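Below are the sequence and a predicted model for it; my questions follow.
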Amino acid sequence: MGYGVNLSASTAMILQALANGYQYGFDVMDITGLPSGTVYPALRRFEEAGLVRSKWEKEKVAEAEQRPPRRYYELTKLGNDALREAVKRYHFVESMFTSLNKSGLSES
Amino acid sequence: MRDKKGKSPGRIYRFLISLASLVVPRGQRADWKQEWNAELIYRWSLLNKWRTLNMKSRFDLFNRCRGAFRDAGLLQLHQLREGFFKDVQYGCRLLIKHRGFTVVSVLTLALAIGANTAIFSVVYHLILNPLNIKNGNRAVYVWRANPKQRGMMIAPTADIVEKWRQDAKSFDAIEPYTSDAINIVGQGEPESLAAYLIAPTMFDILTEMPRLGRPFTGEDAKPGAQPVVIISDNVWKSHFGADRAVLGRQLTTTDKSYTIVGVMSSKFQLDGRHPDLWLPLPKEPETNTSALSFRSSGPALRSVVAILKKDVSPDKAKAELDVLSVQAERPDAPFKGWTTSLVTPLDYLGSDVAQALYILFAAVGFVLLIACANVANLMLARNTVRAKEVAIRTALGAARIRLVRQLLTETLLLAAVGGILGVMIGYAGLNVIITYGKTQIPQLAQVSMNAVALGFAFGISLLTGLLCGFLPSLNASKANLNDILKEAGQSASAGIRHNRIRNLLTIAEIALSLVLLVAAGLMTRSFIRLQNVDLGFDTTNTISLSLALPKSRYDTKPQQIQFFQQAVDRIRHIPQVEVAEVSSGIPPETGVMGGQLEVEGRNSGEKLPSIAATIAGPDYFKVTRIPLVQGRVFNEKDQIGSDSVAILSEALARQCWPDESAVGKRFRFSEDKQWTTVVGVAGTIKTSPVGTGKGFYVYFPYYQSPFPFARIIVRTKTDPMAVLQSLKAQIWAVDPNLPITSIKTVDQMIASTMADRQLNLILLSIFTVIAVVMASVGIYGVMSYSVSQRRQEIGIRVALGAQNADIMRSILGHGLVLTLIGIVLGLGASAAFSRFLANLLFGVRTTDATTLVGVSGLLLIVALSACYIPARRATKLDPLTALRYE
């Protein structure tokens, strides 16, 4: 089945990161080790293909921390399907995150 | 953004993000910037909180900012791609919707692009890359030139060429070749095929290889080697039915049998000729049998094509060859003291042909400009209709660049379709030009539409698209919603700005077509003049049959004389034949080269003309009807062993003995020992209507200096072609194995001397007709549009009592003004352009008033006819309908 994006290893890693709750661009970069020039364009492609949707953080949360709201990404149903498909090809992706503490760098 | 002191990341990061954001499409820019800034601020605050804001983490942030540029760039690219597809899609829809507009524009562009591509192909092959030789741009023909006589050249002797090949350092290759006629027997009528003898090394520099079989090897040229031949594509098809099993078969001549080892590619040519056969050039030079040395048999001559080394100037190479020639020359060699001359393929083609090609190229360039103006005009008209749409889109926030892009995409689409169709038209046109023109310009046969020509077509299509789209799209995107809506209410004065541009474009079209019309007009008049030139001889009902007596059976002069006497005698007895004779040539194909003249009793250092000599039997002047002015014609007493006699042309006689009769005077060629007595003076002839020669001719009696390569010339009472079979039969009755190398009537020869002019004229006329048709379509379009714009005004006028004639006058008046301005500008432009025509004209000046007035009048009539239809439509307007028209 086609997902409108190329199911490469980095695609699989980014999708898995999102599934594991690393939902901000910088967090995805931290956890996957991929550079910003790869992660952001991938997120834009995923969003266009309907694999993820992006939302803005609640104003109140951002205001409380005296910073602008951040944009976060979450997997859609199609995105979950694509992830399953990708994991079949790249088994290592699934195990990559199991050893990591989910909280990671994200505190929001 | 609400940053707090201490929490804000360094300025450098924010600057980088701001910089990158400039690349992001406008619509997404704010969100994109916020996303990046928010991440940076958040990360900065975390690092602060954890007290890990060190060099390493700062560098990491910097790296992340670098990635932002890629992110931004990809977004912009994506947007552009999407936009382009949308533009193309939208453009296609519009073009399909406005079918009439699309068809007219595409056809206009296709014709122009097709004409340009075809002529470009010819120019490319004949001028830019004329030889099938590797590094052809450095290729030259090498000749020996008489330093005392401009333009007099001869091929170098074989021993000089051998010396060059051994010692010259200025060339990558020096390749000799020579031509010969090979008499083929055993396949129906005996036949003479044109052969080129080439050194086997020639294949190292050629871009074309035999299409079948192998090239020559060094072994083939060694003495005693088995005779081999490579046949041309033509002979392969005509004599062997394109049989692939031809290799190994035999080609039999009167004295040898050659094994066929290859079939040459049809494109191959060496100096514009396409010989039938190629033979290996033997290493040992044979004595010369060339037609050039009829008075003495000299050393063998070799034509030479050479490739200059990369950084060697032609002057330096020439100097080197001059030194080597002096070293190689034997003391008794003829043409001593002649210098080397390097001739480029372009010079070889003839400056007239090249100039004519440039003029045709300019002509098709004009056609392209007219086509662009036409399409731009149509676009402007359509854009006026679309003005509202464009204005509303602008008002809704569409960027101007976006609109220009959309409109340009449409013209580029038109140009692309026009280009594809144009290449097809060009391909067909080129084939017509080649088929029609290759007999006159043999080099045309190698012309084809190659990748370079296709690239050129692509280039001009792109340029055309930009050219005819730029002005209209810029103009349309300037549109202001206010103005447009205002104009809609009062269409009588609508689109004044548009009209001005459209009028200007129309004027330009008319001016450009007039330039072409003037050129075509001048060429036509010149051509008509040429056909009425008195040549000094009678061309009707005369035919020439060329023969080459083979050395094996006609080695001695008495043998040659005997053959021709018998053959001519038999032909004279054919009832339809008026008179027949043997000669070395017949005007316009006059004989062999003479040499430099020396008059008895005159200082030998005096400069006298070099002249063409014809060897002719006694009845030569009866066949050609060249009048004898003084003295006598040749008779049977002028034979081998008797005093050498000659007849001079009047012009030559006057040049040599200005104040006295030439009869009885003596002269000789500088290489001769004995003196020749002038026995008669004949009328001066012109070998071609365009000939610029001075008419210096000398005639020698055939039976005194016989010659194995001669013609039988015949004047018949009826059409000579009808007698041809009897003529052949009488020749073969004397020698059944003798091929007739060439059969031509004199009328055909005359026509062929003018054929390249005729071809130029026809092509130029075609382009001119296209240009005029396009220009009249242009003016028709402008006038129809203006009539539809003025409907209300016309309606009011009619309602107020204006007569049909008034309306007609008003519309035609507008057209007349445009046309007259165009004509005045066109006359000015053609004064500049026609200068380049001057060399190609004959008996007509570039300022010829009849032509200028004639073509201006013609253009005026055509333009006014184009205005007449819309004007008539205007008079038919019903005032009520017109007034209701919004």
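Good, I have the coordinates.

is it fair to say B:Ile574 lies in a strand?
No: counting by DSSP: H, G, I helix; E, B strand; the rest coil, B:Ile574 is not found in a strand; it is coil.

is it true that B:Pro25 touches B:Gln79?
Yes: counting by Cβ atoms under 8 Å, B:Pro25 does reach B:Gln79; the two are 4.3 Å apart. Where you see a C-beta, it was placed from the backbone N, CA and C, and this is true even at glycine.

got any residues that touch both of the two?
Shared contacts of B:Pro25 and B:Gln79, defined by Cβ atoms under 8 Å, 6 or more residues apart in numbering or on different chains, are absent.

Closest approach to chain A from the stretch 101-250 of chain B, which residue is it?
Proximity of the stretch 101-250 of chain B to chain A (Cβ to the nearest Cβ) peaks at B:Thr102, 33.8 Å away.

in what helix or strand does B:Met750 lie?
Slight slip there: residue B:750 is Ile, not Met. helix B:746-789 (DSSP states H and E).

Not counting its neighbours along the chain, what's nearest the residue in the stretch 501-650 of chain B positioned nearest to chain A?
Going by Cβ to the nearest Cβ, chain A is nearest to B:Ile501 of the stretch 501-650 of chain B, at 42.1 Å. Nearest residue to B:Ile501, sequence neighbours excluded (Cβ to Cβ, 6 or more residues apart in numbering or on different chains): B:Leu380, at 6.1 Å.

which residues touch the residue nearest the centre of chain A?
With distances taken as Cα atoms, centre = their mean, A:Leu18 lies nearest the centre of chain A, 3.1 Å away. Residues near A:Leu18 by Cβ under 8 Å, 6+ apart: A:28, A:52, A:73-75, A:79.

repeat that for 7 Å
A:28, A:52, A:73-75 (Cβ atoms under 7 Å, 6 or more residues apart in numbering or on different chains).

Drop anything exposed from the residues you listed.
Using 16 or more other Cβ atoms under 10 Å in any protein chain shown as the burial test, the contacts of A:Leu18 include A:28, A:52, A:73, A:75 as buried.

Now do the helices in chain A.
Assigned by DSSP state H, the helices in chain A fall at A:9-19, A:25-32, A:36-49, A:59-64, A:77-89, A:92-98.

okay, these in a markdown table with mean pLDDT next?
Listed next are the helices of chain A as a markdown table, based on pLDDT from 0 to 100:
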| stretch | mean pLDDT |
| --- | --- |
| helix A:9-19 | 90 |
| helix A:25-32 | 91 |
| helix A:36-49 | 92 |
| helix A:59-64 | 88 |
| helix A:77-89 | 90 |
| helix A:92-98 | 72 |
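
now these in JSON lines, with distance to B:Glu189?
Shown next, in JSON lines, are the helices of chain A (distance: least, Cβ to Cβ, whole Å):
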{"stretch": "helix A:9-19", "distance to B:Glu189": "79"}
{"stretch": "helix A:25-32", "distance to B:Glu189": "88"}
{"stretch": "helix A:36-49", "distance to B:Glu189": "78"}
{"stretch": "helix A:59-64", "distance to B:Glu189": "103"}
{"stretch": "helix A:77-89", "distance to B:Glu189": "79"}
{"stretch": "helix A:92-98", "distance to B:Glu189": "86"}
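
who wins for proximity to B:Ala874 among these?
Evaluated over those, closeness to B:Ala874 peaks at helix A:36-49, with 55.5 Å, by Cβ to Cβ.

so, in contact with chain B or not, that closest one?
Yes: Helix A:36-49 reaches chain B (Cβ under 7 Å from any Cβ of the partner chain) through A:36-37, A:40-41, A:44.

If you rank these by neighbours, which is first?
The most crowded member of the residues of helix A:36-49 next to chain B, judged by other Cβ atoms under 10 Å in any protein chain shown, is A:Tyr40 (27 neighbours).

Identify the residues contacting that residue.
A:25, B:67, B:71.

Beta-bridge partners for the residue lying closest to B:Pro314 once chain neighbours are set aside, please?
Nearest residue to B:Pro314 in three dimensions, chain neighbours excluded: B:Leu342, at 4.9 Å (Cβ to Cβ, 6+ apart). Per DSSP bridges, the residues bridged to B:Leu342 are B:Val142.
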